[in-house]
Each structure stands twice: as structure tokens, then as C-alpha cells.
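S.K.: Sharing a model that was predicted from the sequence below.
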Amino acid sequence: MLELHQAGAPYYPEFFGDERGSATVPVPIYLVPPSPSHTTSRAELQRLINSIPVKIVVVDRDACIVAINGACQPYLRAVGLDLHLVAGQSYYAVKARFAAPPQDARSVSEHVAALCQHSTPFSQTLSFPLAGQDIRMVVHGERLPGAEDLFILSHLDDEDPESETANPRRYHLSMLQAEEEERKRIARELHDETAQQLALMQFNLMTLRNSDMSPQANDAYQAMESALKAIQDQVRTLSYLLHPPELAEDGIEAALAHFTRGFARRSGLQVEFRCLSGPIKRDPDMEIAFYRVAQEALANVYKHADARHAVVRLRRTQTSFTLEIEDDGRGVPEHILNGQGRDIVGVGLSGMRERVAALAGQLEVRRTGAGTLVTATIPRRRQTD
């Protein structure tokens, strides 16, 4: 399954589920398998990038091609390459087929190497002749959102009026939108397919209840019934987390109010939501960004802060919307605040920053006198928002 939290990290639905009733479950759900390379993960990554109308190549830390989308096909065909045969090849070797000037080719290769080794993002122009034309494009590289060892290289023709050499946000926003569509699809499948099959299994199991069973068989029946109910609760909660209905139906204010109530009940933390913005005109990109930031920030509070109380505030100014998550815990370590952390908290903060930056916003994390304050600010697109 495509990474939805972070690779190998457990996601505890009993602390993030909806308020409609979900029993505490004894084990965490892994939204991705702990090992990185699985056929399903690659297939879903391929489906994700295929939905983006920009030439996309995903590489690993060795700069080997992991996935490539259909928008690259005309360019590959022009140099005698097959889209379906380049996976697993070196990005450098494929790039060399395009006969770019040595200086351009060397510069792009150096940037790609720095990206793969140190996660250093870049934007670089690249020129080359192709089918009798002089092609000039912008190559932009950054770490794939939510993945530690995968990197996305997007290639946009420089003549494109939408192209902005210094503005990679459009690419990142497209990735995030495609990721949310994938979350919706998985949530629908869990609700329409998996949940129905589990209900049928429960019905069939109930037919055994009144039959004569030995004590050992009765014990086994009770264990299966309890396990099946726990799985149903997990599936229901996971489906909700992937695509909370309040977000689409009622907006960010209702969704955050609902989420924080459920989080407080399940985690034991005192979580308060304060909507200080008044009614907000619908903006799906901003709403999903704030909702995911709240999820990740409160998950960090529960798992790492040793806090007793947290407050989530939604504000609006003349120029921006702001989401604040403040707790009274031990505070984020300095090395994490400085961007040097490679543990779960550091990766989570990096993911939040990437999501907010895709909307031209900023994410600030700082220690307070008694805890941590996470502030996400996103500019208003319209003054009527």
C-alpha cells in the first residue's frame, strides 16, 4: 500500500478514529509494510504518478528508476527507448541518451546525486536536440512526500506558460492532490468491499453460535468473534482516517471539531478545539492540508510529548489562514527543530512542512514555556474567503 503515514511506522486508529463508536483495538495498523519494496507499493506509486500531466520519474537513493509516467513516453520513443523497459535502469544512463551539452548534463547529474545522497532539492534547466527541435526544460527534484528513500524528478518544457523555474509548488501540489484521490479510493474500497466481506463472515460465524460445540470449540469461537469485531473496528476507523466525511460535507471547522473530540476520548488527553476564524469559504486544498497537519501534530503530542493538554486553534487574518496546535508537554528537542532529526518526529515535521509549502504557506515549530507550538499559515487565495 502506498505510504500514508510513514514507512514501517504503526498508526494507532484507536486514537484517531471517528466518534461513531470504535472499540479499542489491541494492535496497531500498519498503513504500509515495514519493508520498502513490495509489488503493491510500486503499482500504487505508478498509478499515482500516472494521474499527473507532467513528465515524472521516481528514483531511489542509487538514482535507479523506480517508476516513470506515461507523459515521458514521446521523449523516450524519440531516442529509441521503451517506457516499460526503463524501470530499474540508471537515471544517468537514460539521461545520457538525450545528448544534452556536457555542462548541462553534468550539472543535472550533480544535482541528482546531491538529492539522492542528502535530500537536497533543486531546479535546473536542461537543453538538448530532439527530433529536429531544440528542447529546453526545467528539471525539478525533491524527496517524494512521505518517503525517505524515494525522490521525484519532474520535467517541464520551459516554453510552457505554467512553467516557473523557481516555483516547484505546482508539482508538489499535484502530488498531494493525487495522494488524496488515492486515499479516497482506498477508503471507498474498505467501506464497500472489505467491510461487506467482514460482515458476511460475521453472519456465517453467528450460525455456529447455537450449534453444539465442545468447550475447546466454544473457546475458539469466542476468540474468532472477538478478533473479527476488532478487525471490523480497525477497517471502519482506517476508512474514516483516509477520507473523513465531515471534511467534504461540512468543511474544516466541523472536521477539526469532530476529530479533536474523538482524539481526546481515545487518547486520554485533554484536547480543545477553538474556531476563531468565523465561517470559512470552502477551499479543499487548504482544508485537507490543515486536517493532515492536525492529525500528524496531535499524533506527535500523544506519542512523544508526555503532555496532558493540547489546544487546536483555527484563525483568519486579512491575508492568511492559520492553524495552531499547542501542548503542555516536554517540548520538541532542539536537533529536531534544527532539521537534523531523522527519527519519526523529524520525518513527520518534514512532511507537514512539505504539505503547507505546496500551498505557498509556512510551518513553524517552536518550544514554548511549557511545551510545543506548531503553527501552519496558508495565504488566502481570495479576499472573500
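M.R.: Perfect, thanks for sending it.
S.K.: Report the rounded mean pLDDT for the longest helix along the chain.
M.R.: Taking DSSP state H as the criterion, the chain has its longest helix at helix 215-242. Taken as a whole, helix 215-242 has a mean pLDDT of 78.
S.K.: Kindly report the same for stretch 358-368.
M.R.: 88.
S.K.: just how off-centre is it within its chain?
M.R.: 17 Å (Cα atoms, centre = their mean, to the nearest Å).
S.K.: In the chain, what residue spans correspond to strands?
M.R.: Using DSSP state E, the strands of the chain run over 10-11, 29-30, 55-60, 65-68, 122-130, 133-143, 150-157, 270-275, 309-316, 320-327, 362-368, 371-379.
S.K.: so what does the longest helix of the chain touch, helix or strand wise?
M.R.: With contacts defined as 3 or more Cβ pairs under 8 Å, 6 or more residues apart in numbering; DSSP states H and E, the packing partners of helix 215-242 are helix 169-189, helix 195-206. To be clear about C-beta, it is placed using only N, CA and C from the backbone, and glycine gets the same treatment.
S.K.: E189: which of the strands of the chain is closest?
M.R.: Across the strands of the chain, E189 has its closest neighbour in strand 29-30 (15.2 Å, Cβ to Cβ).
S.K.: Most distant residue from the centre of the chain?
M.R.: In the chain, the residue that sits farthest from the middle, by Cα atoms, centre = their mean, is D212; the gap is 49.7 Å.
S.K.: where does that residue land on pLDDT?
M.R.: At D212, pLDDT is 75.
S.K.: Please report phi then psi for it.
M.R.: The phi and psi values for D212, taken as degrees, to the nearest 10, are phi -70, psi 120.
S.K.: before we move on, back to that, quick one: which of the strands of the chain is nearest G80?
M.R.: Nearest of the strands of the chain (Cβ to Cβ): strand 122-130, 11.8 Å.
S.K.: Report the inter-axis angle for the closest one versus strand 150-157.
M.R.: 50 degrees (axes from the mean of the first three to the mean of the last three Cα atoms, to 10 degrees).
S.K.: now the helices: where do they sit in the stretch 1-150 of the chain?
M.R.: 39-50, 73-78, 91-96, 102-118 (DSSP state H, counting those that start in this stretch).
S.K.: pull the helix or strand with minimum mean pLDDT from this protein.
M.R.: The helix or strand of the chain with the poorest confidence is strand 29-30; it has a mean of 32 (mean pLDDT, DSSP states H and E).
S.K.: just for the stretch 1-150 of the chain, where's the confidence low?
M.R.: 1-41, 146 (pLDDT under 70).
S.K.: circling back to that earlier point, with distance to Q216 as added columns, please give the helices of the stretch 1-150 of the chain in CSV.
M.R.: Below are the helices of the stretch 1-150 of the chain laid out as CSV (distance: least, Cβ to Cβ, whole Å):
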stretch, distance to Q216
helix 39-50, 37
helix 73-78, 60
helix 91-96, 59
helix 102-118, 56
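S.K.: Kindly reformat the ones you listed as TSV containing distance to V356 and mean neighbour count.
M.R.: Below are those laid out as TSV (distance: least, Cβ to Cβ, whole Å; neighbours: other Cβ atoms under 10 Å):
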stretch	distance to V356	mean neighbour count
helix 39-50	20	16
helix 73-78	33	16
helix 91-96	29	17
helix 102-118	21	15
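S.K.: what number of residues lie near Q318?
M.R.: 6 (other Cβ atoms under 10 Å).
S.K.: Distance of it relative to V311?
M.R.: Noted for Q318: a distance of 24 Å to V311, by Cβ to Cβ, to the nearest Å.
S.K.: which residues touch V235?
M.R.: Shown in contact with V235 (Cβ atoms under 8 Å, 6 or more residues apart in numbering): L190, T194, A195, L198.
S.K.: quick one: which of those residues has the most company?
M.R.: In terms of neighbours by other Cβ under 10 Å, the contacts of V235 top out with L190 at 20 neighbours.
S.K.: if I look at it, how far off is S51?
M.R.: 20 Å.
S.K.: rank the helices and strands packed on helix 215-242 by mean pLDDT and give me the bottom one.
M.R.: Mean pLDDT is lowest for helix 169-189 among the helices and strands packed on helix 215-242, at a mean of 67.
S.K.: okay, now the domains of the chain?
M.R.: 20-29+168-243, 39-164, 245-385 (automatic domain parsing).
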